[in-house]
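**Student:** Sequence plus the predicted model coming up.
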Amino acid sequence: MKKICILLPTYGREQCVAYFLEQVSNDCRNYEIDIYICDSSEKDINKRLVKKYNNEGFKNVFYLRGHDSSEYKNSMVAKNIYGYPSPDYKVYMAQCELAMKYDYIWLCGDNCVLNLDQLMEDVRKYTAQDVDIIHFSNGSEMSFGEDKQYTDAREFYLNDAWHMTAFGASIVSSRVIRFISKEDILDKYINSGFLYVMSVYEYCAKNAFTAVHCHRRFHRNNPYRKLSGWIASGDALGVFGQNWVEVNFRLSNLYEDLKKSVIKSFSIHTGLFGYKKCFWLRAYGNISIKKIVEYRKYIPLVTDTNILWFYIIACCPKLFVKWIWESFVLKE
């Protein structure tokens, strides 16, 4: 049986981590999956939590100090749109360590509580077949219970790139992780926030591969995680505007004629920059006149929503917009 670990990078968020472990640690022990909590905060709360689990007999739960904590604050990887050391650098360093011990790494977010009982039959089947990527989703793009196999990089990129951005949705072979360093992918994407996703598609462009997309109810949301970090920081236009556009255009020329479609696919599938969600973005400080001016050349690339709508929403008081969002839009 293949050796699998879950890697959960976080920046504090101790309640989220506690709930995640409460929900999945026992199942992971039963399925012989190890869990690594990779925390970049300066606190030791999550470290103590892992120690508590160890003392209770959970030898499958481990703690890693994030490699992008204090020692990297003055390095080049710290200078990116997140305002703290690159989260992808933390993920990359941890993955490289774990790739020496495990056959597959399941990169997870602390908002994504995995439904392991519904997934492990597929996980065991496809890891036994030595596939490179197992990708789960529960959207409308496929019928529930359906599996789709990819060996063509362009098709895989066009259909799945937007959802590969979700931590928790993919299990990746360690040979894909090792490819990041060997092919200078690290330097190409390290400050982007999308090193993980882009390195997967660089690998697929340059190697024979097999990816399997499984339509399953693969997770439930963590009740202690209210907003994604990039929404809470007010930088949706920076992350899924400028950043998302730029990293896609850096990808292999194999995908050249597909890039514009893929760039826009994230907003199409999630509605992120749609007319309705602009209320939500404004309510949490992600839309302002200043931000629209700063990212105005990227907005038409990521959404079909007229940029005039962004300006209209930006002129509305945030509390008023939040009231509209919560009172009317969410209830539709």
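**Tutor:** Great, that's in hand. Please read all numbers here as calculations on a predicted model, not as lab measurements.

**Student:** how about the strands in the protein?
**Tutor:** Assigned by DSSP state E, the chain shows strands spanning 4-10, 33-39, 61-65, 104-107, 112-114, 133-137, 147-150, 170-173, 211-215, 219-221.

**Student:** so the third one versus strand 33-39, what angle?
**Tutor:** Right, strand 61-65. Interaxial angle, strand 61-65 versus strand 33-39 (axes from the mean of the first three to the mean of the last three CA atoms, to 10 degrees): 30 degrees.

**Student:** How about residues contacting strand 61-65?
**Tutor:** 21, 25, 28, 34-40, 46-47, 50-51, 53-54, 94, 97 (CB atoms under 8 Å, 6 or more residues apart in numbering). For glycine as for every other residue, the C-beta is placed from the backbone atoms N, C-alpha and C.

**Student:** Put the buried members of those residues into a PyMOL selection.
**Tutor:** To isolate the buried ones among the contacts of strand 61-65 in PyMOL, judged by 16 or more other CB atoms under 10 Å, type:
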select buried, resi 21+25+28+34+35+36+37+38+39+40+46+50+53+94+97
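
**Student:** contacting residues around residue 144?
**Tutor:** 138, 215, 216, 217.

**Student:** repeat for residue 139
**Tutor:** 163, 215, 269.

**Student:** Can you name the residues bridging to the second one?
**Tutor:** Beta-bridge pairing of residue 215 under DSSP bridges involves residue 137.

**Student:** Would you agree it is in contact with residue 137?
**Tutor:** Yes: with contact defined as CB atoms under 8 Å, residue 215 and residue 137 form a contacting pair (6.1 Å).

**Student:** So which residues of the stretch 151-300 of the chain form helices?
**Tutor:** 153-160, 174-182, 185-189, 195-206, 229-232, 236-237, 244-250, 259-270, 277-283, 289-294, 299-302 (DSSP state H, counting those that start in this stretch).

**Student:** Quick check on the contacts of residue 139: which are buried?
**Tutor:** 163, 215.

**Student:** in the chain, which helix has the most residues?
**Tutor:** In terms of residue count, the longest helix belonging to the chain (DSSP state H) is helix 14-30.

**Student:** Buried residues in that helix, which are they?
**Tutor:** 14, 16, 17, 18, 19, 20, 21, 23, 24, 25, 28, 29.

**Student:** which one of the residues you listed sits closest to residue 287?
**Tutor:** Of all those, residue 16 has the smallest distance to residue 287: 26.1 Å, by CB to CB.

**Student:** show me what contacts that closest one?
**Tutor:** Neighbouring residues of residue 16 by CB under 8 Å, 6+ apart: 10, 110, 111, 222, 224, 225.

**Student:** how close does the residue nearest to the fifth one when sequence neighbours are not counted sit to residue 110?
**Tutor:** Setting aside the residues directly before and after it, residue 224 is nearest to residue 15 in space (CB to CB, 6 or more residues apart in numbering), at 4.0 Å. Taking CB to CB, to the nearest Å as the measure, residue 15 and residue 110 are separated by 9 Å.

**Student:** Need the overlap of contacts for those two.
**Tutor:** Joint contacts of residue 15 and residue 110 (CB under 8 Å, 6+ apart) do not exist.

**Student:** And the pLDDT for the nearest residue to residue 61 once chain neighbours are set aside?
**Tutor:** Using CB to CB, 6+ apart and skipping the chain neighbours, the partner closest in space to residue 61 is residue 53 (4.4 Å). What the model reports as pLDDT for residue 53 is 97.

**Student:** ok, now residue 299?
**Tutor:** The per-residue pLDDT reported for residue 299 equals 98.

**Student:** out of the contacts of residue 144, which are buried?
**Tutor:** Listed as buried from those are 138, 215, 216; burial here means 16+ other CB under 10 Å.

**Student:** quick one, what contacts residue 272?
**Tutor:** So residue 272 contacts 236, 240, 266, 281, 303 (CB under 8 Å, 6+ apart).

**Student:** Check residue 209 too.
**Tutor:** Residue 209 neighbours (CB under 8 Å, 6+ apart): 132, 133, 150, 151, 153, 203.

**Student:** for the residue lying closest to residue 94 once chain neighbours are set aside, what are its contacts?
**Tutor:** Using CB to CB, 6+ apart and skipping residues adjacent in sequence, the residue nearest residue 94 is residue 38, 4.7 Å away. If you count contacts by CB under 8 Å, 6+ apart, residue 38 has them with 7, 8, 9, 10, 64, 65, 66, 90, 91, 94.

**Student:** next one: residue 100
**Tutor:** By CB under 8 Å, 6+ apart, the contact set of residue 100 is residue 174.

**Student:** Would you mind giving both backbone torsions of it?
**Tutor:** Backbone torsions for residue 100, taken as degrees, to the nearest 10, come to phi -80, psi -20.

**Student:** Residue 41 too?
**Tutor:** In terms of degrees, to the nearest 10, the main-chain angles of residue 41 are phi -80, psi 170.

**Student:** Please verify my assumption that it contacts residue 17.
**Tutor:** No: with contact defined as CB under 8 Å, residue 41 and residue 17 do not form a contacting pair (10.4 Å).
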